[in-house]
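**Q** what's the 3D shape of this:
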Amino acid sequence: MTTTLPSPITEAAALSVAGEGAQRYELGSALIAAGADATVVLVEAGDHGPWREGVQDAATVVLRGTPVTGLHPRFVHTAELPIHAYVRLDGACLPLGRAVAARAETEPPAFAWVTLRLERPLGRALLDLVRPVPAPGPTPDVDWVDEVEAVPLRALESFALGWFPARDPARETARDTAHGAARDSARDSARDSTREAPELGPVPPALEAFHRLARLRPALLEFTDPVLERPRRASGPLGGRLVFAEWHDGGMDWSVPWPPEGPAKADPRVWHTWHGEDPYGEPESGVEAEPLSRFLLQFTLYEAVNSAPYQAWTSNAPAALLAPLLRLLRPVPLSPHLPAHYAVRFHVGPGLIAGVSGEGREALVTFGALHRAVLTPLADRGFEWRRFDG
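**A** Alright, predicted model coming up:
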């Protein structure tokens, strides 16, 4: 079936849709006209990267730039006037249709970012025209899967070095300058704390190896659910423990027995502690299926999927559609991650990770990719995507 593309119009014709008295603004590379009848948004065609300005996917347009206070009332959920979106392409403008503000800063002085949701998502042909899929960059191999069972720390190192970016000295310098005072204060506080409490002593070898790797790949300590730069002592129903990672809202954490115990102290068991919603209730603790060395790989894969620059997910992937796709990937021989919550099993391909929860007729599946072009072929797999960055 042939898809009919919208007819291009001149920029002047597009801006005239705003109506009388239109004021023009620039927000990043976008041109905005705010008139008596509507707000007109003109964005540049092209793929500018994940969550950059312009067309982001079939239903999303992102605006970013220097704050423009006067525009704020135009880009809130309750805006009275409609928003019309256009893409500049080859000296003309292609209409994308009407849009609504899906997300905007609540305070006018901070208006520098807004997400628009198109009322009618773009067809694939139009999306590929206004946001062409770039050629994929280098994709890491997945030979590390062969080492998961015998040498999991080597598998973790190979995966992390291929997936996460190397240190960026310029970025680190800017970050250190911005947070210098806070860092100095934290360092002083840590010194005071050290004077009051004994040193922890050597941490388990697997955790020490993870932190050495993080010095090469800082993203390992920047997850939404972070591995702590400085593990902390705690106690619980199972005894003394060393907390090394925690859920972003503090509801869960992961720890190892402390002081180290028994024959397994070189690669200790991992405790998962859930603190619950009752601040006065007792936390619940359980033992993870994987020892620390394998758990750290499991944890890293989960966070890599959720922090990937390009993602796709669906909550109801039919087994008949999912199984042929997973056969193209390599299963990672690890126990399900977060078994009491999601029970995620991982499958990997070059530049691609799949996290699959559930068995039977349907499953929740999330893909994380390093390049948009790696996700694009999944568009033809027949899934009802809730998010699709390809």
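**Q** Hmm, residue 387 is touching residue 313, no?
**A** Yes: counting by Cβ atoms under 8 Å, residue 387 does reach residue 313; the two are 5.3 Å apart. Where C-beta positions appear, they are placed from N, C-alpha and C, glycine not excepted.
**Q** okay, the two: which has more neighbours?
**A** residue 313 (20 against 13; other Cβ atoms under 10 Å).
**Q** between residue 387 and residue 313, what contacts are shared?
**A** Here residue 387 and residue 313 share no contacting residue, scored by Cβ atoms under 8 Å, 6 or more residues apart in numbering.
**Q** Tell me the bridge partners for residue 93.
**A** Residues in a beta bridge with residue 93, per DSSP bridges, are residue 9, residue 88.
**Q** Tell me the pLDDT of it.
**A** In this prediction, residue 93 carries a pLDDT score of 97.
**Q** got it, and residue 257?
**A** pLDDT, residue 257: 91.
**Q** ok, it - contacts?
**A** Contacts of residue 257 (Cβ under 8 Å, 6+ apart): 238-242, 265, 268-269, 271.
**Q** Widest-spaced pair of these?
**A** For the contacts of residue 257, the maximum inter-member distance is 15.0 Å, found between 238 and 265 (Cβ to Cβ).
**Q** Which of the helices or strands spans the residue nearest to residue 326 when sequence neighbours are not counted?
**A** Spatial nearest neighbour of residue 326, excluding adjacent residues (Cβ to Cβ, 6 or more residues apart in numbering): residue 347 at 5.3 Å. Assigned by DSSP states H and E, residue 347 belongs to strand 344-349.
**Q** The helix or strand following that strand vs strand 344-349, what angle?
**A** Counting by DSSP H and E, the element after strand 344-349 in chain order, helix or strand, is strand 352-357. If you take axes from the mean of the first three to the mean of the last three Cα atoms, to 10 degrees, strand 352-357 sits at 160 degrees to strand 344-349.
**Q** which other helices and strands contact strand 352-357?
**A** Counting contacts by 3 or more Cβ pairs under 8 Å, 6 or more residues apart in numbering; DSSP states H and E, strand 352-357 is packed against helix 292-307, helix 319-326, strand 344-349, strand 362-369.
**Q** so how many other residues sit close to the residue nearest to residue 287 when sequence neighbours are not counted?
**A** In this structure, residue 287 finds its nearest non-sequential neighbour in residue 269, 5.5 Å apart by Cβ to Cβ, 6+ apart. Around residue 269 there are 19 other residues, counting by other Cβ under 10 Å.
**Q** Can you tell me how far residue 269 is from residue 166?
**A** Residue 269 sits 33 Å away from residue 166, going by Cβ to Cβ, to the nearest Å.
**Q** thinking again about what came up before, now the contacts of residue 257 in TSV, with pLDDT and secondary structure?
**A** As requested, those are exported to TSV (pLDDT from 0 to 100; DSSP: H, G, I helix; E, B strand; the rest coil):
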residue	pLDDT	secondary structure
238	71	coil
239	80	strand
240	89	strand
241	90	strand
242	93	strand
265	79	helix
268	94	coil
269	92	coil
271	92	strand
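**Q** quick check, nearest of the residues you listed to residue 229?
**A** residue 242 (13.6 Å).
**Q** distance of residue 39 from residue 7?
**A** Residue 39 is 22 Å from residue 7, by Cβ to Cβ.
**Q** pLDDT weak spots in this protein?
**A** Filtered on pLDDT under 70, the chain yields the residue ranges 1-3, 103-111, 169-201, 263-264, 276-281.
**Q** Roughly how far does the most centrally placed residue in it sit from residue 19?
**A** Ranked by distance to the mean C-alpha position of the chain (Cα atoms, centre = their mean), the top residue is residue 307 at 2.9 Å. Residue 307 sits 43 Å away from residue 19, going by Cβ to Cβ.
**Q** Over to residue 243?
**A** Applying Cβ to Cβ, the value for residue 243 to residue 19 is 59 Å.
**Q** Mind checking which of the two has more residues around it?
**A** Using other Cβ under 10 Å as the criterion, residue 243 and residue 19 rank with residue 243 on top: 18 against 15.
**Q** what about the helix or strand encompassing that one, distance to the chain center?
**A** Using DSSP H and E, residue 243 sits within strand 239-246. Here strand 239-246 is found 26 Å from its chain centre; the criterion is Cα atoms, centre = their mean, to the nearest Å.
**Q** quick one: buried residues of that strand?
**A** By neighbour count on 16 or more other Cβ atoms under 10 Å, the buried set for strand 239-246 is 241-246.
**Q** all helices for the stretch 1-150 of the chain, in order.
**A** 11-16, 124-130 (DSSP state H, counting those that start in this stretch).
**Q** how about those in TSV, adding mean neighbour count and distance to residue 214?
**A** As requested, these are exported to TSV (neighbours: other Cβ atoms under 10 Å; distance: least, Cβ to Cβ, whole Å):
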stretch	mean neighbour count	distance to residue 214
helix 11-16	16	49
helix 124-130	16	37
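**Q** Looking at those helices, spot the one closest to residue 338.
**A** helix 124-130 (33.7 Å).
**Q** Which residues outside the closest one are in contact with it?
**A** Contacts for helix 124-130 (Cβ under 8 Å, 6+ apart): 3, 5-6, 45, 55, 57-58, 87, 89, 94, 96, 122, 379.
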